[in-house]
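**Student:** kindly return the folded structure for what I paste below:
(2 chains, ligands or ions: 1)
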Amino acid sequence: MQASAGPPVASLDDGALVARLRAGDEEAFELVVRTYSGRLLAVTRRILGSDEDARDAVQDAFLSAFRSLERFEGGSLLSTWLHRIAVNAALMKLRTRRRKPEDPIEPLLPVYQENGHHQETFSSWNEPVDVAMSRAENRARVRACIEQLPESYRTILLLRDIEELDTDEAARALGISPNAVKIRLHRARQALRGLLAPHFRSAQP
Amino acid sequence: MTCREFADFMMDYLSGELPEESRAPFERHLSRCANCHEYLAQYKHTIEAGRLAFTNPEEEVPADVPEDLVKAVLAARK
Ligand SMILES: [Zn+2]
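**Tutor:** The predicted structure is shown next:
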């Protein structure tokens, strides 16, 4: 096919690469899929947990992206555009798959005395959070703790605090009320705090 | 205001959505209860830690391109 004429696809900027995709250039499709499948897999796995579902979502995302190439706006980043489509594909999958029974979140929430005071005395964390999070080890630890959250809470936390959707967008994406989003987000953050505390508080007095 | 009520209000307080009439009691509790002061600080740190945990996407990406997935996608497109 004459579509393979011109400069090598690997050297193209996003706009030119998308132009090749629009022209049906096989080499361009392969380059895009090869470049982004790992990254998108990480995104969908984060939301879906399951490896198999994450792969399905990545496939759905690429196909949906390739069908809507005319909607890619020049000047935007292909990586950002694909990321957003992958998040949507994962959410679609999340809505349609059979819900697995999940662990209750209550054991991860703070315990109160009868008079409404905290049962626990919170000891402070041993270093500023940005310093702690500058280490890869801690970033992996926090991601592992997020993974431990019950699914419906983990998803909300990811969408609101990591993907930075607003309350209404998250509510629409998940088919629940904005108020339910707020309640779950607040619980998810508190549960995550409880999971992080043993790692981050001063070990020695 | 109790510590339990204080905890319930933290999210709205931080997003500036806590109604005026609750804000003063919330801030009074915050200034008097060291434990809730610490709890609110950790709640904020948690949000920040979550955000920072995903700032290096390459950490989560498998080193190898998932070859079978690439093939499946390219085949499905046709
Ligand atoms: Zn208190």
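**Student:** going by C-alpha atoms from here, please, whenever you check contacts or count neighbours.
**Tutor:** OK.
**Student:** retrieve the pLDDT associated with the closest residue to chain B within chain A.
**Tutor:** For chain A, the residue closest to chain B is residue A:139, as judged by CA to the nearest CA, at 4.4 Å. On pLDDT, residue A:139 comes in at 97.
**Student:** how about low-confidence regions in chain A?
**Tutor:** Within chain A, the stretches with pLDDT under 70 are A:1-6, A:203-205.
**Student:** domain boundaries for it, per the record?
**Tutor:** Domain assignment for chain A by automatic domain parsing gives A:12-96, A:106-200.
**Student:** make a markdown table from the ones you listed and add distance to the ion and mean neighbour count to it.
**Tutor:** Output for the domains of chain A, formatted as a markdown table (distance: least, CA to the ion, whole Å; neighbours: other CA atoms under 10 Å in any protein chain shown):
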| stretch | distance to the ion | mean neighbour count |
| --- | --- | --- |
| domain A:12-96 | 34 | 18 |
| domain A:106-200 | 6 | 17 |
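**Student:** of these, which approaches residue B:58 most closely?
**Tutor:** Ranking these by their distance to residue B:58 (criterion: CA to CA) puts domain A:12-96 first, at 7.4 Å.
**Student:** check whether the closest one contacts chain B.
**Tutor:** Yes: against chain B, domain A:12-96 shows contacts by CA under 8 Å from any CA of the partner chain at A:29-30, A:33-35, A:37-39, A:41-42, A:55, A:59, A:62-63.
**Student:** could you identify the most distant pair in those residues?
**Tutor:** Farthest-apart pair in these is A:29 and A:42; separation 19.9 Å (CA to CA).
**Student:** how much space between the most centrally placed residue in chain B and residue A:157?
**Tutor:** Residue closest to the mean C-alpha point of chain B, counted by CA atoms, centre = their mean, is residue B:47 at 2.9 Å. Note on residue B:47: its distance to residue A:157, by CA to CA, to the nearest Å, is 9 Å.
**Student:** if you tally nearby residues, what's the number for the closest residue to the ion within chain B?
**Tutor:** Residue nearest to the ion within chain B: residue B:3 (3.7 Å; CA to the ion). Residues lying near residue B:3 (other CA atoms under 10 Å in any protein chain shown) number 22.
**Student:** that one and residue B:23: what is the separation?
**Tutor:** Following CA to CA, the distance that separates residue B:3 from residue B:23 is 14 Å.
**Student:** repeat for residue A:22
**Tutor:** Residue A:22 is 55 Å from residue B:23, by CA to CA.
**Student:** now residue A:61
**Tutor:** Here residue A:61 is placed at a distance of 44 Å from residue B:23 (CA to CA).
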